[in-house]
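everything below, folded, please.
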Amino acid sequence: IMRTNFQTRSRDEICKDSCKDDAVTCFLQKIIVAIRVLKVPRNISYERGLSNTNYTALANNIVNLKEKRMAVMIPFQLNRIDFDSIHIVKKQIQNDRLLNISIDFYSGVLMALDSLKQLGLTTNVDVYDTEARLSKISEIINKNDFSKYDAVIGPFISNNFERAATLLKRDNVPIVSPLTIPKNLYENVFQTIPSDTYLISKMVNFIKQDTSKYAMIVIADDGHRATSNSIKSQFSQANQIFSRKNEEGKESFYILKEDIEELLPEGKSYVFLETANEGFVSNVSSMLNGFNGINIVKAESEEEEDEEIEREIIMVTSNRNSRAYEGGNVSNFDLSNLQFHYASYNMKYNLENSKTFVNNYERIYGGLPSKYAIRGYDLTMDVLLRLASAKNLYEATNDTIETRYIENKFRYSKKLFGGYYNDAAFIAKYEDLNIIEICIFSSLIFLTLFFGFYPEPLLNTIDASIDNLINNYQINLNYYLTEQNN
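Numbering: from 1, shown residues only. Sure, this is the predicted structure:
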């Protein structure tokens, strides 16, 4: 356990003590800055469109100045790191995706705690290494008094979160799932990632606002057949296409020109693509882009004239959160030409609007923040500001409070006889090599979710040099991580 009070101790004291008393904690500080994986879309810039949503500024509604106590459960798996060999440690860091995510997320938590300190909030945070093991979850909770916490963030892994949520039910301790959708929404559970069903409904609702004439096609692989059927149920005119199979009956993740050409009439067409396969995304998007715009259809005989067909094809997906749309084989130019629309629980930050945060992060950690670092920041800010705006997290959570931070937004609704789920998400589109946020009225979402009908009206991965970061590392990490609790 690593414990820090972010009000009463200076950053220099924290860093000094952690290195003196706990070599593991000290080294963890160093590997936090040693990993920095920056993902930015190739030839893509980000812009935020006009929003009709009124977000709640919780920082202006602080009424509870009582010291907050929070636990963060992260699978660092320090027990697996060989601290005797820098070479081996660097290899582990490079190859262990869960460790990468853990370090990035935790760096965001630290940034949030420092920001909240500037607001005068006193926060005691205990950080537990879950080692990504179920037995460790039980051990941590049974050996420590978790009833003292105002909130718990984590664990990351679904099964581990389920174990922790079950054990914390007895004391009704709020537990927040940061990166996965919980298996069971117990009354003390906060689901921060919107469900796939909600993302589908948000995308469908958006398209149904288009009152112009359009054709509808749903392309999917077998793994997303249920999603395809769900979309089809909302658009009776939709044609469904599934990826072809090889001679052995195995899915090949491609379609042919003849599978789709006759289903694309002149004029506007919406084409859903539901897959987590990068090759399939590349196949479909390049093919659709070939049909998009003005096409000349050759006459069958010399007596006939060539026919000119003009199509407007808009490719959409209900959930872009898989890596399939970010692969090197997928052309951002194709996506932009197709005005690619998608629903997502996060929206890549706009550098201009987030300059202060990004600059501070880069100054401290030597690289730009990943989406997991920003997730850690946004979620920690939201949980602790909600605690500061009400008596407890339960009272600070209702569907009239919608908050937005760097890349994420949160609006919680309560499940009947259950916990809380986030039903705030983004719709974005590619346009002229920009990604622009599109906003829809929350009242439409309300009708969709509660009444069951709709109103009619890129990527390059840039790896920062680990050697350079470690060699240039100076212990001015600015804060945090502290004494080991025996």
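
end-to-end on stretch 216-227?
End-to-end span of stretch 216-227 (Cα to Cα, to the nearest Å): 15 Å.

report the buried residues of that stretch.
Within stretch 216-227, the residues that qualify as buried by neighbour count (16 or more other Cβ atoms under 10 Å) are 216, 217, 218, 219, 220, 221, 224, 227. Every C-beta, even on glycine, is put in place using the N, C-alpha and C of the backbone.

go on, stretch 397-416?
397, 399, 401-413.

how long is that stretch end to end?
End-to-end distance (Cα to Cα), stretch 397-416: 14 Å.

ok, which stretches of the stretch 51-200 of the chain are strands?
Under the criterion DSSP state E, counting those that start in this stretch, the stretch 51-200 of the chain contains strands at 68-74, 123-129, 151-153, 175-177, 189-191.

for the third one, which strands pair with it and how are they oriented?
Partner strands for strand 151-153, per DSSP bridges, with pairing direction: strand 68-74 (parallel), strand 175-177 (parallel).

check the last one too.
Sheet neighbours of strand 189-191, with direction, are listed as strand 175-177 (parallel), strand 420-422 (parallel) (DSSP bridges).

now do that strand: distance to the chain's middle.
Distance of strand 189-191 from the chain centroid (Cα atoms, centre = their mean, to the nearest Å) equals 15 Å.

out of the strands paired with strand 189-191, deepest packed?
strand 175-177 (a mean of 26; mean count of other Cβ atoms under 10 Å).

what sits up against it?
151-154, 161, 164-165, 168, 188-193, 379, 383 (Cβ atoms under 8 Å, 6 or more residues apart in numbering).

in the residues you listed, which has the lowest confidence score?
Here the lowest pLDDT out of the contacts of strand 175-177 sits on residue 154, with 92.

correct me, but it touches residue 73?
Yes - shown here, residue 154 and residue 73 form a contact pair, counting by Cβ atoms under 8 Å, at 3.4 Å.

find the residues that touch each one of the two.
Contact with both residue 154 and residue 73 is made by residues 130, 164, according to Cβ under 8 Å, 6+ apart.

low-confidence stretches in the protein?
Where the chain drops to pLDDT under 70, the residues are 1-55, 303, 439-486.

quick one on the thing from earlier: and the strands paired with strand 151-153 as a markdown table, adding distance to residue 259?
What follows is the strands paired with strand 151-153, written out as a markdown table (distance: least, Cβ to Cβ, whole Å):
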| stretch | distance to residue 259 |
| --- | --- |
| strand 68-74 | 46 |
| strand 175-177 | 39 |
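
which residue, neighbours along the chain excluded, lies closest to residue 275?
Distances taken as Cβ to Cβ, 6 or more residues apart in numbering put residue 221 closest to residue 275, at 4.8 Å, once the chain neighbours are dropped.

residues contacting the one you found?
Contacts of residue 221 (Cβ under 8 Å, 6+ apart): 242, 243, 251, 253, 274, 275, 277, 280.

distance of it from residue 417?
Residue 221 sits 36 Å away from residue 417, taking Cβ to Cβ, to the nearest Å as the criterion.

closest to residue 358 out of the strands paired with strand 151-153?
Nearest to residue 358 among the strands paired with strand 151-153 is strand 68-74; the distance by Cβ to Cβ comes to 22.5 Å.

restricting to C-alpha, output the closest one in PDB.
Output in PDB follows, covering the C-alpha atoms of strand 68-74 (Å, rounded to 0.1, in the frame of the first residue of the first chain):
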ATOM      1  CA  LYS A  68     -11.800  12.800   1.500                       C
ATOM      2  CA  ARG A  69     -10.400   9.300   1.700                       C
ATOM      3  CA  MET A  70     -10.100   7.300  -1.500                       C
ATOM      4  CA  ALA A  71      -8.500   4.000  -2.500                       C
ATOM      5  CA  VAL A  72      -7.100   3.200  -5.900                       C
ATOM      6  CA  MET A  73      -6.600  -0.500  -6.900                       C
ATOM      7  CA  ILE A  74      -4.200  -0.900  -9.800                       C
END
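
look up how far residue 339 lies from residue 205.
Here the criterion is Cβ to Cβ. By it, residue 205 lies 18 Å from residue 339.
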